[in-house]
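J.: below is the sequence, then the predicted model.
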Amino acid sequence: MLTRWLRIGDSAAGVYGTLLTLSVLVGLSLKKSGPGVMAITIGVSAAVFWIAHVHAGLVARWVRADTRPDRHAVGEIMAREAPMIESAVPAVALMLLAWLGVLSTSAAVWTALVYGVVALAVWGALIAYRAGLGMTGMAVVSGVNLGLGLVIVVLKLLIH
């Protein structure tokens, strides 16, 4: 899976999915939603955005090539956008653990937030590595991604 994630398109979907997951998580915690509702909402949100990105990718390919995408193209775009859904899995799993009573909802939310922020930094490093930006580029891109994640965490802190 890591080699697939090293591709720029996959990395972009992973960053987008992680930011989406963190944003939905913060919004749901503002509403004081239960962990079961959070798990379902995060999963459904990731799936809906994944479908939207796959659709947009297919339309863009159709317009560029002036021919309808074949099954291979559909599968390729679905796979390229898969990290958008995969990035939601840890948060969904944590919320399910809270729903089962293994973790408190607060612990699950904060663990998911910390995981997401770290994942954004890792995505940044993968993107910079793949783009050949060197160590400085890795630090900059990871820092930007980390900053985006921290903005979401700060919003969470301000909400509560």
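T.: Right, received. Where do you want to start? Numbers count the residues shown, from 1 in each chain.
J.: pLDDT below threshold where in the protein?
T.: Applying pLDDT under 70 to the chain flags the ranges 1-10, 160.
J.: hey, which helix is longest across it?
T.: In the chain, assigned by DSSP state H, the helix with the most residues is helix 35-65.
J.: for the residue nearest to residue 39 when sequence neighbours are not counted, give me its contacts.
T.: Spatially, and ignoring its direct neighbours in sequence, residue 39 is nearest to residue 95 (3.7 Å; Cβ to Cβ, 6 or more residues apart in numbering). Where you see a C-beta, it was placed from the backbone N, CA and C, and this is true even at glycine. Listed by Cβ atoms under 8 Å, 6 or more residues apart in numbering, the contact set of residue 95 reads 35-36, 38-39, 42, 105, 108-109, 112.
J.: make it 7 Å
T.: Neighbour list for residue 95: 35, 38-39, 42, 108 [criterion: Cβ atoms under 7 Å, 6 or more residues apart in numbering].
J.: and the helices in the chain?
T.: Using DSSP H, helices in the chain cover 2-5, 8-30, 35-65, 71-86, 89-99, 105-130, 134-159.
J.: tell me who's in contact with the closest residue to residue 26 other than its chain neighbours.
T.: Residue nearest to residue 26 in three dimensions, not counting chain neighbours: residue 156, with 4.7 Å by Cβ to Cβ, 6+ apart. Each residue near residue 156 by Cβ under 7 Å, 6+ apart is listed here: 26, 29, 113.
J.: repeat that with 10 Å
T.: Residues near residue 156 by Cβ atoms under 10 Å, 6 or more residues apart in numbering: 22, 25-27, 29-30, 109-110, 113.
J.: for PyMOL, write the select line for the buried members of the residues you listed.
T.: Those of those that count as buried under 16 or more other Cβ atoms under 10 Å are selected in PyMOL with:
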select buried, resi 22+25+26+27+29+109+110+113
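J.: out of the contacts of residue 156, which is nearest to residue 63?
T.: Taking Cβ to Cβ as the measure, residue 63 lies nearest residue 22 of the contacts of residue 156, at 31.9 Å.
J.: doesn't residue 155 make contact with that closest one?
T.: Yes: Residue 22 is within contact range of residue 155, at 9.4 Å (criterion: Cβ atoms under 10 Å).
J.: what about residue 68, how many neighbours?
T.: Neighbour count of residue 68, defined by other Cβ atoms under 10 Å: 9.
J.: this completes my enquiry, with thanks.
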